[in-house]
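# Fold the following for me, if possible:
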Amino acid sequence: MKLTVHRAGCRGHADHGWLNTWHSFSFASYYNPDRMHFGALRVLNDDTVQAGMGFGTHPHDNMEIITIVLDGELEHKDSMGNGSVIRPGEVQVMSAGTGIQHSEFNHSNKNEVSLLQIWVFPNKKNVEPRYGQAKFSDEEMNGKWRTVVSPDGADNMLWIHQQAWFSLGNFEADAKISYQLKKADSLVYVFLISGELKIGSETLNQRDGLCIEQIASAIDMKITRESKVLLMEIPG
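Sure thing, here's the model as predicted:
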């Protein structure tokens, strides 16, 4: 098993006042030729948006976009006619396909909103744009993996145009957990939202990421401090 760590402090960073953002992969003014993407995973942005502020209407095409709100409320509007507020425990997906325009604003005039926005290369181009949103309870994630995004949307998951599975889990200290690959030749990217855990010889702390390649069939982890974990299984 090959492990490559992306430490939280080594990510690309920009503070625009209204937006404080960290980029795990090259994005906007952050360019790192060694971090263009990891398999089909193109973007992992860790954003905090000030109260009442946000991203004005802008276009996307031919990308699968996944948004996970960690704290606060994010207001979404798009050219497909969707309008919603995304809260902690909720996940949003968009297939940009032939092209969409959307905006994302902090729904609150008092509090920040923190979110992860993730882009995945699709396995089909120029599909009809599509939107999905779902809520997942803490009970579904406590002590176990809850797959929230998949290729087929089974078990009330959201789905995207890619052989990718996104799973979230909340784990207590000293827990020993395992993740079984859904597809034999997949890559895995682990993003530690909070806490501390160990995989192989590597220890991850809050907001660290880990690229995992050459996986036999499963990944074993030791939780050393209460942790919230995002695990993305993606094609190479």
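# Now do the same for residue 56: its pLDDT.
pLDDT recorded at residue 56 is 88.
# I'd like the average pLDDT over the lengthiest strand in the chain.
Using DSSP state E to define each element, the chain has its longest strand at strand 218-234. Taken as a whole, strand 218-234 carries a mean pLDDT of 98.
# going forward can the numbers begin at 761, since that is how I track them
Got it, first residue is 761 now, which makes that one strand 978-994.
# Which of the residues in that strand are classified as buried?
Neighbour-count burial for strand 978-994 flags 979, 981-984, 987-994 (criterion: 16 or more other Cβ atoms under 10 Å). For glycine as for every other residue, the C-beta is placed from the backbone atoms N, C-alpha and C.
# go on, stretch 781-790?
Buried residues in stretch 781-790 (16+ other Cβ under 10 Å): 781-787, 790.
# Dump the C-alpha coordinates for it into PDB.
C-alpha atoms of stretch 781-790 as PDB (Å, rounded to 0.1, in the frame of the first residue of the first chain):
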ATOM      1  CA  THR A 781     -10.200  28.900   1.500                       C
ATOM      2  CA  TRP A 782      -7.700  26.000   1.500                       C
ATOM      3  CA  HIS A 783      -7.000  24.000  -1.700                       C
ATOM      4  CA  SER A 784      -5.800  20.300  -1.500                       C
ATOM      5  CA  PHE A 785      -5.300  20.400  -5.300                       C
ATOM      6  CA  SER A 786      -4.300  23.200  -7.800                       C
ATOM      7  CA  PHE A 787      -7.100  25.700  -8.000                       C
ATOM      8  CA  ALA A 788      -7.500  29.400  -8.900                       C
ATOM      9  CA  SER A 789      -4.200  31.100  -8.100                       C
ATOM     10  CA  TYR A 790      -2.700  28.000  -6.400                       C
END
